[in-house]
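Peer 1: Dropping a prediction and its sequence here:
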Amino acid sequence: MPGDGIGVEVIAEGRRALDRVAQVCGREFVFTDALVGWAAITATGTALPDDTIRICRDSDAIFFGAVGDPARDASLPPSRRPEPVALLGLRKGLYANLRPAILNPALVGLCPLRPELVQGGIDILIVRELTGGLYYGQPKGPHDIGGVPGAVDTMVYTVPEIERIARVGFAAAQKRSGRLCSVDKANILACSQLWREVVTRVGRDEFPDVQLSHMYVDNCAMQLIRNPGAFDVIVTENTFGDILSDEASMLAGSLGMLPSACLGDGDVTPFFEPIHGSAPDIAGKGLANPIATILTGAMLLRHALGWTVEAAAIEHAVEETLKAGYRTADIAGPGGSPISTSEMGNQILARISA
Ligand code: NAD
């Protein structure tokens, strides 16, 4: 589902990379194109047509570009625009948001932190709970407090909600360095005290091989800037994850480098997208960096299909391409010689091997 703006260009490259890895690893994909976003509104009047929902339901994974076009926003009320309709519609029921923040060692110069802090690169995976907590808890809304006008939001978590996201965090840590940092605010919040208790129990009973640590969210925000290389997998609740994953994404140097995934329990199709939007300022000019989307394809292989060898083949090809010095405009730096979206795709494709 390319969607709008640069979604079209970057999904084209992501799809070529998936086709290439299938070819060299003896796999086969069946791609079904589906309309979403303004492209869908133009064709059908709605940002998430029924046909698209059906195609998603019948698929093993959704490979999504981006939606949104600020130039057309005024033509529809906010509730019918693509961002709420398509994004919220497609992510519904998916409770785990995986957001890697990777700073490739070749791009250390682009990180806003001093080079000595990030010399070895950064490779953090933030696992954010996506369906609970402060954003959805009731009561919510305007609320008179002792006759004084005010507002209220409610943070709510149940034990099963914490257990299932903890398992995603532990399983991810098991596949990486075996270290998991659970982030909460257990010194203040009742939800966080429950969170810490449940995560500790799940770790002890189900993942004794994973080394679990706990960190308060304020300290985590600081440590991500002070010593980002110390983190591997972070698991945290909805609001904290929203903020920390955006903070961590800045370490990677460009929005054009970062993939993401939303996962559920199997009855809802998992959703994979680059973290960036439709970037209308550069759309159609061949300037978009396709790496976020190509790495999103690798996440799809790993998390939706369990094809770890194929995922690693794509990630390795991206690393080698950067090591060889190829850069799109967003990561070229001053005086660099940027290549186009499709040329970056070509370079990565050429390095995908079994
Ligand atoms: P954006 O992520 O589209 O762009 C922010 C800046 O980063 C722009 O300068 C853009 O040129 C640059 N950029 C983004 N991706 C890039 C890439 N792959 N390569 C090189 N440069 C890249 O955010 P925005 O400008 O705030 O939003 C534009 C539209 O996208 C809006 O309509 C917004 O609602 C929508 N949006 C959609 C999603 C989504 O579909 N998941 C996410 C964010 C924003």
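Peer 2: Here it is on my side, so go on. Given the structure is predicted, the values throughout are model-derived calculations rather than measurements.
Peer 1: Can you get me a residue count around whatever residue of the stretch 201-350 of the chain ends up closest to the ligand?
Peer 2: When you check the stretch 201-350 of the chain against the ligand by Cβ to the nearest ligand atom, the closest residue turns out to be Gly277, at 2.4 Å. Glycine gets a C-beta too; all of them are placed from N, C-alpha and C. Residues contacting Gly277 under the criterion other Cβ atoms under 10 Å number 20.
Peer 1: Next one: it relative to Met1, how far apart?
Peer 2: Between Gly277 and Met1 the computed distance is 14 Å (Cβ to Cβ, to the nearest Å).
Peer 1: how long is stretch 51-62 from one end to the other?
Peer 2: According to Cα to Cα, to the nearest Å, stretch 51-62 extends 14 Å from its N-terminal end residue to its C-terminal end residue.
Peer 1: Contact partners for the nearest residue to His276 once chain neighbours are set aside?
Peer 2: Leaving out its chain neighbours, the residue that sits closest to His276 by Cβ to Cβ, 6 or more residues apart in numbering is Leu255, at 4.1 Å. Taking Cβ atoms under 8 Å, 6 or more residues apart in numbering as the criterion, Leu255 is in contact with 249, 274-276, 292, 330.
Peer 1: what about Leu255, distance to Ser249?
Peer 2: With the distance defined as Cβ to Cβ, Leu255 ends up 7 Å from Ser249.
Peer 1: Dihedrals phi and psi, the closest residue to Thr131 other than its chain neighbours?
Peer 2: Ranked by Cβ to Cβ, 6+ apart and with sequence neighbours excluded, the top spatial neighbour of Thr131 is Tyr95, at 4.5 Å. For Tyr95, the backbone dihedrals (degrees, to the nearest 10) come out as phi -110, psi -10.
Peer 1: shouldn't Tyr95 be in contact with Ala166?
Peer 2: No. Tyr95 sits out of contact with Ala166 when judged by Cβ atoms under 8 Å, with a separation of 11.5 Å.
Peer 1: near the ligand, which residues of the protein?
Peer 2: 6, 10, 66-70, 83, 87, 255-256, 273, 276-282, 288-289, 292, 330 (Cβ under 6 Å from any ligand atom).
Peer 1: which residues of the protein fall in strands?
Peer 2: Assigned by DSSP state E, the strands in the chain fall at 62-63, 96-103, 122-129, 137-145, 148-154, 179-184, 211-216, 233-236, 259-263, 271-274.
Peer 1: got TSV for those, with mean neighbour count, distance to His303 and mean pLDDT too?
Peer 2: Formatted as TSV, those follow (neighbours: other Cβ atoms under 10 Å; distance: least, Cβ to Cβ, whole Å; pLDDT from 0 to 100):
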stretch	mean neighbour count	distance to His303	mean pLDDT
strand 62-63	23	12	98
strand 96-103	24	7	96
strand 122-129	25	11	96
strand 137-145	10	28	93
strand 148-154	11	31	96
strand 179-184	24	17	98
strand 211-216	16	21	98
strand 233-236	28	14	98
strand 259-263	24	5	97
strand 271-274	27	8	98
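Peer 1: Quick check: the residue of the stretch 201-350 of the chain closest to the ligand vs Asp209, distance?
Peer 2: For Gly277, the distance to Asp209 (Cβ to Cβ) stands at 39 Å.
Peer 1: Likewise for Pro290?
Peer 2: For Pro290, the distance to Asp209 equals 36 Å [Cβ to Cβ].
Peer 1: if you count what's nearby, which of these two comes out ahead?
Peer 2: Residue environment comparison for Pro290 versus Asp209 gives the larger neighbour count to Pro290, 29 against 10, counting by other Cβ under 10 Å.
Peer 1: Is the residue of the stretch 201-350 of the chain closest to the ligand in contact with Gly65, as I believe?
Peer 2: No. Under the criterion of Cβ under 8 Å, Gly277 is not in contact with Gly65, lying 9.7 Å apart.
Peer 1: Would you state the helices of the stretch 101-250 of the chain in chain order?
Peer 2: 159-175, 190-206, 217-226, 238-249 (DSSP state H, counting those that start in this stretch).
Peer 1: what would these look like in TSV with distance to Val268?
Peer 2: As requested, the helices of the stretch 101-250 of the chain are exported to TSV (distance: least, Cβ to Cβ, whole Å):
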stretch	distance to Val268
helix 159-175	13
helix 190-206	22
helix 217-226	28
helix 238-249	17
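Peer 1: okay, those helices in TSV with mean pLDDT and mean neighbour count next?
Peer 2: Conversion of the helices of the stretch 101-250 of the chain to TSV gives the following (pLDDT from 0 to 100; neighbours: other Cβ atoms under 10 Å):
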stretch	mean pLDDT	mean neighbour count
helix 159-175	97	19
helix 190-206	98	17
helix 217-226	97	16
helix 238-249	94	21
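Peer 1: so which of those helices gets nearest Val36?
Peer 2: Evaluated over the helices of the stretch 101-250 of the chain, closeness to Val36 peaks at helix 238-249, with 22.7 Å, by Cβ to Cβ.
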